[in-house]
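**Student:** build me a model:
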Amino acid sequence: MLLFGHAGGQSLSNRGLLLDALCFSNGEHGACDKCREHGNCRINEKTDEQLDYIFSSIEESIFLKACPGSGKTEVVAIKAAHEISNWDKNGGIAILSFTNNAADVITERVSDFTGLESVAHPHFIGTFDSWLHTYVAHPFLFHYSKYKGDKENDFDFSFKLIDPSSGAGFLNSFATKYQYNGTGKPFANQYYYETYEEKWVFSSGERTVDASRNNMALENWRVLELLTTKTEFWKAGFANYQDVELMCAELLEEQAKLCGLLVNRFPYVIIDEAQDLSAGQLNIVEKLKQRGCQIHFVGDIQQSIYKFKKVDPSFVEKFSDKNVMKKMQLTNNFRSNQSIVDFSNKIIPPIGTIKANANIENTDCRFVSFKKAEMSKLPKWFEEHLEQFDDIDIQKSAIITRGKSSISKMRPSANYGLKPPHEIAMAIKMWSDGHSESLPEAIHMTGKFIANKFFGEFPAMSTQFYRPDIISKNSNWRSFIAAILNEITAVDGIIDLDKKWSEWAKILKKSLPDIIQKKQSDLGYSKPSYSFSFSNLTFSSPTGQKNNKVIDTIGHVERTATEISIKTIHAVKGQTLDAVMVVSSPSKGNDGHWEKWLEDSTKEPARFAYVASSRPKQVLVWAVPDVDDVQKNKLIGLGMLETDWEGS
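**Tutor:** Numbers count the residues shown, from 1 in each chain. Below you'll find the model as predicted:
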């Protein structure tokens, strides 16, 4: 029997009867297989707030503000399932999120609740990007950009997305004529136009370079040069993600009929994690709203932590107010105990009261002060600290910090800020060490190295281990890189990083081309007639380091004996964990330092702490560097207890 479908003609306003109709067991709540699998009746357990949104009208725009742990993903899925099962309208509903994982979870739960194997036409569940590219960018953007299509692939008019960090050789054809602030000539993939601020923004992934360029006062001739270079980039069928958003918004503005057709196709759009909408994405949503599309935002403004992507939560609030979206709330935190909820609410005070999960044992939030020189010992300390809790699963716990530089101090295999050729040396070290968490990083670094050295003429995406677009499948590329690493680490002398750079570089330069040549047969080129020679590799010792030991130049520190996950705050967003240690940066003044988190509850650093601190169910520890008595009192004032550090 379907969870949704036939409600016997009963009115949606009769919640009691609907509750019976929405359960697999037809009123015998908890008796069906699905209920037993979940542990209880998934409909009967829902709060009045959750049901109010599920049964809200799809015909009005709504902003559902959901606190951490409020079950919003499940609510979105039930809302979508309810609407899809009772669909009798023209067009379809689009349920959009920002990661493939989130979209997959929503899809799976909608299938559970509807009994359908998959969500099909006229509806769509997926990421914002995949929806935009499928229904606007790929079929229509060539009209805007004047792209003539790829003749070698049956005049394919879809755009090739180029990662901002790519330095592939073909990009030299799309560089500015002049240098910018002594940082070289920007490639067209390294900047984009910000519509809300009405200016060009440089974003190559190189912080110092981008900062220098963004601090420039751009004269009119430079503005024109950037536009001309970018236009040529588009005409050739290339773009970065921000370019696509800008062009789509411009196209929908210019082509009112096309925008109307898109709204007719999707008259209702639900956006999960709406606080993560960028300025460019909001611009597109605005075009749809103006043509009559009903928009539902679901999210938490206080969990907006993507300022580097030009995501500003105030833009979402302004959009909501401007379009008079109905405000609804989810205020029950089913994830965390009372101490964690209380502590999180001191970082960013909530509007109203957030209810904690009374069924989770209430343990005190704590802080530990560590010596900066002993940061690498924190993972082992935290693992030992958790031994006192019988019901804490180490595999479901994590250490969380703001940036990769702090991760590198605790998990040396993830060294941050390395440059070629140091990256390939570190990748080989990580692969030979064999720690499971480090292997994807080794593949990422090696993929980047090989793509730049041997496939520089082709576009490559960092999100797919720098797979060049001449390679058909990401799985082929990943397997190829893994095979390369297996072969190269078996070469005599390669894993001996105590060698001097001059000696080690010669071994790599001699061995790697032959290994790649041997393994390339499994790559699967997108052009069958394509052939490539890997015989030449330009590789030498880093400048001024030929007599240095390789190991001394890549920042390796002895790894502590623990496998507990160590992740950035961005990586754990949306996750539920048993226990968390939030580690402050040792350096004051940056947004990874704990004092910065407590300066202003309206700023992004506070939201970093809020997101990280609201992940655990039961145990929360802050690790802070060398605090004095005044700083200790500040933490105690937040409701934390001090825990002794025994790292030395």
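
**Student:** next SSE downstream of the lengthiest helix in the chain?
**Tutor:** Secondary structure of the chain per DSSP state H: the longest helix is helix 501-519. For helix 501-519, the succeeding helix or strand toward the C-terminus, using DSSP states H and E, is strand 565-568.

**Student:** output the contacting helices and strands for that next one.
**Tutor:** strand 398-401, helix 404-410 (3 or more CB pairs under 8 Å, 6 or more residues apart in numbering; DSSP states H and E). Every C-beta, even on glycine, is put in place using the N, C-alpha and C of the backbone.

**Student:** tell me what the first one is packed against?
**Tutor:** The contact analysis (3+ CB pairs under 8 Å, 6+ apart) places strand 398-401 against helix 378-385, helix 404-410, strand 565-568, helix 569-572, strand 577-583.

**Student:** rewinding a little: what's in contact with the longest helix of the chain?
**Tutor:** 421, 424-425, 450, 454, 480, 483-484, 487-488, 491-494, 496-497, 499, 533-537, 539-542, 545-550, 553 (CB atoms under 8 Å, 6 or more residues apart in numbering).

**Student:** returning to what we had before: just the helices and strands packed on strand 565-568: most buried one?
**Tutor:** Ranked by mean neighbour count, these are led by strand 398-401 with a mean of 25 (mean count of other CB atoms under 10 Å).

**Student:** could you check the pLDDT of the nearest residue to Phe458 once chain neighbours are set aside?
**Tutor:** Among residues not flanking Phe458 along the chain, Pro468 sits closest, at 3.9 Å (CB to CB, 6 or more residues apart in numbering). Per-residue pLDDT puts Pro468 at 83.

**Student:** do the same with Ala279
**Tutor:** For Ala279, the predicted pLDDT is 88.

**Student:** what sits closest to it if chain neighbours are left out?
**Tutor:** Distances taken as CB to CB, 6+ apart place Tyr196 nearest to Ala279, at 4.1 Å, with adjacent residues excluded.

**Student:** repeat that for Val119.
**Tutor:** Nearest to Val119 is Ile125, by CB to CB, 6+ apart, at 5.2 Å.

**Student:** helix or strand for the one you found, which one?
**Tutor:** Using DSSP H and E, Ile125 falls in strand 124-127.

**Student:** packing partners of that strand?
**Tutor:** strand 93-97, helix 100-114.

**Student:** next, work out how far apart the residue nearest to Thr47 when sequence neighbours are not counted and Ser70 are.
**Tutor:** Closest residue to Thr47 apart from its sequence neighbours, by CB to CB, 6+ apart: Asn332 at 5.5 Å. Distance, Asn332 to Ser70, using CB to CB, to the nearest Å: 6 Å.

**Student:** so those two - more neighbours on which side?
**Tutor:** Ser70 (25 against 19; other CB atoms under 10 Å).

**Student:** for the spatially closest residue to that one that is not a sequence neighbour, name its beta-bridge partners.
**Tutor:** Closest residue in space to Ser70, ignoring its immediate chain neighbours: Leu330 at 3.8 Å, by CB to CB, 6+ apart. Assessed by DSSP bridges, Leu330 has beta-bridge partners Ala66.

**Student:** ok, now which ones touch Leu330?
**Tutor:** 47, 49-50, 53, 64-67, 70-72, 75.

**Student:** ok so, going back, thought Ser462 was touching the residue nearest to Phe458, still the case?
**Tutor:** No. Counting by CB atoms under 8 Å, Pro468 does not reach Ser462; the two are 11.9 Å apart.

**Student:** who has more neighbours out of the two?
**Tutor:** Pro468 (24 against 16).

**Student:** show me the contacts for that one.
**Tutor:** Per CB under 8 Å, 6+ apart, neighbours of Pro468: 168, 451, 455, 458-460, 477.

**Student:** partner residues bridging it?
**Tutor:** Ala460.

**Student:** residue contacts, Ser584?
**Tutor:** Counting by CB under 8 Å, 6+ apart, the residues that Ser584 touches are 401, 592-594, 597, 622-625.

**Student:** so which of the helices and strands packed on strand 124-127 is nearest Gln179?
**Tutor:** helix 100-114 (38.4 Å; CB to CB).
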